[in-house]
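Student: Predicted coordinates and the sequence they were generated for:
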Amino acid sequence: MSEPRNINWILTLLMSLFFGTLGVDRFIMGHIFLGLLKLLTVGGLGIWWLIDVILIASRYPFKDINWVD
């Protein structure tokens with residue numbers, strides 16, 4: 001089992017707001033495959049982008065992610 005990654009919450013939220021349709025937020029969190037899918041679908045036509053912004057803003061406990069300030 002791998003150790004959780006410490007990810008800066010503010011940086012990830014800002015990147016998700018401005019570059020989330022390109023999958024940058026997923027790349028930051030280490031979810032490379034999901035980042036590529038998000039990039040190719042332009043944020044799931046905006047729906048996936050909105051869901052990720054809400055999840056990150058609420059500090060959703062993603063697997064292997066430890067939010068830090």
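Tutor: Yep, it's here.
Student: Helices of the protein, start to end?
Tutor: In the chain, the helices defined using DSSP state H lie at 9-19, 24-28, 32-40, 42-45, 47-57.
Student: Now do the buried residues in the last one.
Tutor: Going by neighbour count (16 or more other C-beta atoms under 10 Å), the buried part of helix 47-57 is 48-49, 52-53, 56. Where you see a C-beta, it was placed from the backbone N, CA and C, and this is true even at glycine.
Student: which of the residues you listed sit farthest apart?
Tutor: The distance between the two most remote of those (C-beta to C-beta) is 12.2 Å, for Trp48 and Ile56.
Student: hey, which helix or strand in the protein has the poorest pLDDT?
Tutor: Between all helices and strands in the chain, the lowest mean by mean pLDDT, DSSP states H and E belongs to helix 42-45, at a mean of 88.
Student: Which residue is the nearest non-sequential neighbour of Ile10?
Tutor: Asp69 (6.8 Å; C-beta to C-beta, 6 or more residues apart in numbering).
Student: list the contacts for that neighbour?
Tutor: Asp69 makes contact with 8-10, according to C-beta atoms under 8 Å, 6 or more residues apart in numbering.
Student: Columns pLDDT on top of those, output as JSON lines?
Tutor: Shown next, in JSON lines, are the contacts of Asp69 (pLDDT from 0 to 100):
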{"residue": "Asn8", "pLDDT": "95"}
{"residue": "Trp9", "pLDDT": "95"}
{"residue": "Ile10", "pLDDT": "96"}
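Student: Distance of Asn66 relative to Ser58?
Tutor: Between Asn66 and Ser58 the computed distance is 15 Å (C-beta to C-beta, to the nearest Å).
Student: ok, those two, which is more surrounded?
Tutor: Taking neighbours as other C-beta atoms under 10 Å, Asn66 and Ser58 compare with Asn66 leading, 12 against 8.
Student: how about the nearest residue to the more buried one, chain neighbours excluded?
Tutor: Per C-beta to C-beta, 6+ apart, closest to Asn66 is Pro4, 4.2 Å.
Student: Go ahead and confirm Arg59 touches Val68.
Tutor: No: Arg59 lies out of contact with Val68 (C-beta atoms under 8 Å); the separation is 10.5 Å.
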